[in-house]
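*Asks:* Have a look; sequence and predicted model below, questions after that.
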Amino acid sequence: MAKKQKQRGSLRGEEHVEAAAAAPHEDAPAPNAEEEAAAQGAGGAGSEVEDGRSADAASGGVEEGKEEEAAAAEEEEREVTFDELGLDEQLKRALRKKGLTKTTPIQREAIPLILEGKDVVAKAKTGSGKTFAYLLPLLQELLKLCKDGRIRKSAPNALILVPTRELCQQVYNEASSLLELCTSKLKIVQVTASMSDKDIKLALSGPPNILVTTPACVAACISKGIVQGSSIKESLSMMILDEADLLLSYRCEDDLKALVPHIPRSCQSILMSATSSPDIDKLTKLLLHNPFVLTLTEVGHAKDDVVPRNVQQFWISCSAKDKMLYILSLLKLELIQKKVLIFVNSIDNAFRLRLFLEKFAIRSAVLNAELPQNSRLHIIEAFNARLFDYLIATDDNKTKEAKQTNKESKKDSKGPRKHLQQTLDAEFGVVRGIDFKNVFTVVNFDMPPNPAGYIHRIGRTGRANKTGASISLVSPEEEDVFEEIEHMLQDVEKKDTNCILPFPLLTKNAVESLRYRTQDVARSVTSRDIQEARRQDVKNEILNSEKLKAHFEENPTDLDLLKHDKLLTNKSIPAHLRDVPEYLIDPTTKEASNAVKLSRAAMGLDNPRRKKRMGFRSGSGKSSDPLRTFSAEGKSRGRRGKEREGDDRRKRRKAEI
Ligand SMILES: Nc1ncnc2c1ncn2[C@@H]1O[C@H](COP(=O)(O)OP(=O)(O)OP(=O)(O)O)[C@@H](O)[C@H]1O
């Protein structure tokens, strides 16, 4: 059962509540330059919370602390249903229809506060359900305004700001899916920078009750006069900053500053974030008034764990040039659970890996910033619908190529880009905040550049309390960042042992058995092949996304019509690469692989009907998890079952196009 971190920063939060009560929005002091400067420095809301904690520890004493912790743990054991939160009947019914009954800890804490009308800064780990934590009270408030006939209609009543287009779509989908199940009709639209002014005007005519967009897009709408600042001032009653820790890294600061004068003082503002950072403090000072700071870490006794407890973290040490060999071993010998999201740091690396795996009959798709937006959204939906098992992703617009593009465009903004077929989308963020459904394993083929990147990547598995694992392939050149990540995890989780463990299921023998053929195949993937595959993939995706745009608008569930894991080359795959000969697999590896398959079968992942009904939750306990019960170095500690090959090939119903 999910447990909430006991003091969750509420010590500090209560102070904020008192402050808020004493100084309601209208009276709140406007943020000034000094405050902003302080927020950027060592101070700010984040460090205030820390101070609050240490003061409490010093005065409370160990015993008192323990009692408090026990009492809080008991309180945390209590599950809270949505019905208990005083939500509108329509919303409760919509949630029931969606099969959602119990709140997650962030929902249980944040919803009542937001319903009370407070500005809230909510920090909770990835996948903890932050979207519904703000959407439900927001919809409740708007439904109430509608019912009371108090809705002002010269501009949107609520603004949800997210850093990327993918997130616009995701939040829009989540909110629409709830609204469709409500009887009162609230209008929600999303607008992004990729839309023409004409389309944006059309979308905003009405106007909608809720606008989901990016800061850049809303700032552009104001500066172009598509939306009048004065109308916003008159109509806006709620503003949400989602994935706030990322907003500033998407260069949104100026756009947000441009918005500030148009936000009425009575507007309730909510800021949601997965991590703490000076950027959060900066945004808090800029846009919120005496907020309640809610720091929630949800699971376990550790006060600030940032990776969900249900995610096991592993690493494998290998040279950079052996990474292909290691990933092939993991996938081909079936030592990791599907679906798998593989992160690389450049688009070329993504295609190199895809071509390499393809030569061993392992199909995958690549998700990156140069694909058209339609295709990116479609790839995410198709992967979520389990139409393919392996997705290789470059995680944000700070890839090697993007940096290169930036440099080139600075040098010669009019000149052609020599190395890129396609402009990279600056509003693209594939990993950050995207709700990939049922990803069991995240693989860091390349290590992320920093600990925050690691947290966001790992956060794509173990969502909503499901089981997950991560495996990082760490080369000697990446050991520094790996150590930095390990220290960060130890610091925040107050541990002095390693948080990321050596991956137990892969033996040296298993790896070496594949070395010979891997080297040959890896050498055969040339830079030219990569450029050609990359060009071809973009071309296909553009063609397909244009061709099928209208079709998908009418048939959004017809996902398997478009295949994103289509073979990039037409060459047939020789049998010795397609199937690993039995004699090459040592008994320990065979046992490990069987254990993974058994656990997959036990979790019902191979039964399509059950898959659909139950997701990854069932049977995902320790006993069925080979990563917990098996060690490649010794005998399996778990119960060994009979080998039961699961049929892990999904049926693809429609022909490739
Ligand atoms: N009460 C609930 N019960 C079960 N599932 C839930 C509940 N609330 C949300 N979810 C599901 O949990 C998943 C993660 O939710 P969400 O995307 O809101 O997480 P998040 O905290 O915003 O993560 P991130 O920081 O990575 O964006 C979604 O698939 C969502 O539908």
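*Replies:* Looks like it arrived, so ask away. Numbers count the residues shown, from 1 in each chain.

*Asks:* The residue lying closest to residue 584 once chain neighbours are set aside: what's it in contact with?
*Replies:* The spatial neighbour of residue 584 that comes closest, neighbours along the chain excluded (CB to CB, 6 or more residues apart in numbering), is residue 513 at 4.3 Å. The way it works is simple: take the backbone N, C-alpha and C, and place the C-beta from them, glycine included. By CB atoms under 8 Å, 6 or more residues apart in numbering, residue 513 lies in contact with 580, 584-586.

*Asks:* The strand or helix carrying residue 392 pairs with which strands?
*Replies:* Element membership of residue 392 [criterion: DSSP states H and E] is strand 390-394. Paired with strand 390-394 in the same sheet, following DSSP bridges, are strand 340-344 (parallel), strand 365-367 (parallel).

*Asks:* Please identify which of those strands is closest to the ligand.
*Replies:* Across the strands paired with strand 390-394, the ligand has its closest neighbour in strand 340-344 (12.7 Å, CB to the nearest ligand atom).

*Asks:* Where do the strands of the stretch 201-350 of the chain begin and end?
*Replies:* Secondary structure of the stretch 201-350 of the chain (DSSP state E, counting those that start in this stretch): strands at 210-213, 238-241, 268-273, 292-296, 311-317, 340-344.

*Asks:* re the thing from before, least confident of the strands paired with strand 390-394, on average?
*Replies:* Lowest mean pLDDT within the strands paired with strand 390-394: strand 365-367, a mean of 91.

*Asks:* buried set for that strand?
*Replies:* By neighbour count on 16 or more other CB atoms under 10 Å, the buried set for strand 365-367 is 365-367.

*Asks:* how close does whichever residue of the stretch 401-550 of the chain sits closest to the ligand sit to residue 263?
*Replies:* Taking CB to the nearest ligand atom as the measure, the stretch 401-550 of the chain has residue 464 as its residue closest to the ligand, at 3.1 Å. Computed as CB to CB, to the nearest Å, the residue 464 to residue 263 distance reads 32 Å.

*Asks:* now residue 223
*Replies:* Distance from residue 223 to residue 263, by CB to CB: 16 Å.

*Asks:* higher neighbour count, those two?
*Replies:* Ranked by neighbour count (other CB atoms under 10 Å), residue 223 and residue 263 place residue 263 first, with 17 against 12.

*Asks:* could you list every residue that touches that one?
*Replies:* Contact analysis of residue 263 by CB under 8 Å, 6+ apart lists 232-233, 236, 239, 269, 287.

*Asks:* Out of the residues you listed, who's the most crowded?
*Replies:* Neighbour counts for these peak at residue 232, which has 25 neighbours (criterion: other CB under 10 Å).

*Asks:* Which residues of the protein lie near the ligand?
*Replies:* Counting by CB under 6 Å from any ligand atom, the chain comes close to the ligand at 100, 102-104, 107, 126-132, 274, 433, 435, 459, 463-464.

*Asks:* redo that, cut-off 5 Å
*Replies:* 100, 104, 126-132, 274, 433, 435, 459, 463-464 (CB under 5 Å from any ligand atom).

*Asks:* What subset of those is buried?
*Replies:* Taking 16+ other CB under 10 Å as the criterion, what is buried in those is 100, 104, 126-132, 274, 433, 435, 459, 463-464.

*Asks:* Out of the residues you listed, which sit inside helices?
*Replies:* Here DSSP state H is the test, and those give 130-132 as lying in helices.

*Asks:* For the contacts of residue 263, give me JSON lines that also has pLDDT.
*Replies:* JSON lines is the format used below for the contacts of residue 263 (pLDDT from 0 to 100):
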{"residue": "232", "pLDDT": "90"}
{"residue": "233", "pLDDT": "90"}
{"residue": "236", "pLDDT": "93"}
{"residue": "239", "pLDDT": "96"}
{"residue": "269", "pLDDT": "95"}
{"residue": "287", "pLDDT": "89"}
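
*Asks:* As a markdown table, those with distance to residue 334 would be great.
*Replies:* Shown next, in a markdown table, are those (distance: CB to CB, whole Å):
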| residue | distance to residue 334 |
| --- | --- |
| 232 | 54 |
| 233 | 59 |
| 236 | 53 |
| 239 | 48 |
| 269 | 48 |
| 287 | 49 |
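
*Asks:* Return the set of buried residues in stretch 193-211.
*Replies:* With burial defined by 16+ other CB under 10 Å, the residues of stretch 193-211 counted as buried are 195, 200, 203-204, 207-211.

*Asks:* so where is the stretch 501-650 of the chain shaky, pLDDT-wise?
*Replies:* Within the stretch 501-650 of the chain, the stretches with pLDDT under 70 are 543-570, 573, 575, 600-650.

*Asks:* same thing but at 50, please
*Replies:* 609-650 (pLDDT under 50).

*Asks:* how much space between residue 325 and residue 521?
*Replies:* For residue 325, the distance to residue 521 - CB to CB - is 10 Å.

*Asks:* Can you pick out the most distant pair from the buried residues of stretch 193-211?
*Replies:* Maximum pairwise distance in these, criterion CB to CB, is 19.1 Å, between 195 and 209.

*Asks:* re the thing from before, between the contacts of residue 513, which is nearest residue 182?
*Replies:* Comparing the contacts of residue 513 against residue 182 with CB to CB places residue 580 closest, at 52.8 Å.

*Asks:* Check what pLDDT the closest residue to the closest one other than its chain neighbours gets.
*Replies:* Nearest residue to residue 580, sequence neighbours excluded (CB to CB, 6+ apart): residue 332, at 5.6 Å. You'll see residue 332 listed with a pLDDT of 91.

*Asks:* Point me to the residue of the stretch 251-400 of the chain nearest the ligand.
*Replies:* For the stretch 251-400 of the chain, CB to the nearest ligand atom, closest residue to the ligand: residue 274, 3.9 Å.

*Asks:* List the contacts of that residue.
*Replies:* 123-126, 130, 243, 245, 306, 433, 455-456, 459.

*Asks:* how about a cut-off of 10 Å?
*Replies:* If a contact means CB atoms under 10 Å, 6 or more residues apart in numbering, then residue 274 has 123-128, 130, 243-246, 306, 432-433, 452, 455-456, 459 as its contacts.

*Asks:* any idea how far it is from residue 233?
*Replies:* 31 Å.

*Asks:* Likewise for residue 212?
*Replies:* Counting by CB to CB - residue 212 and residue 233 are separated by 20 Å.
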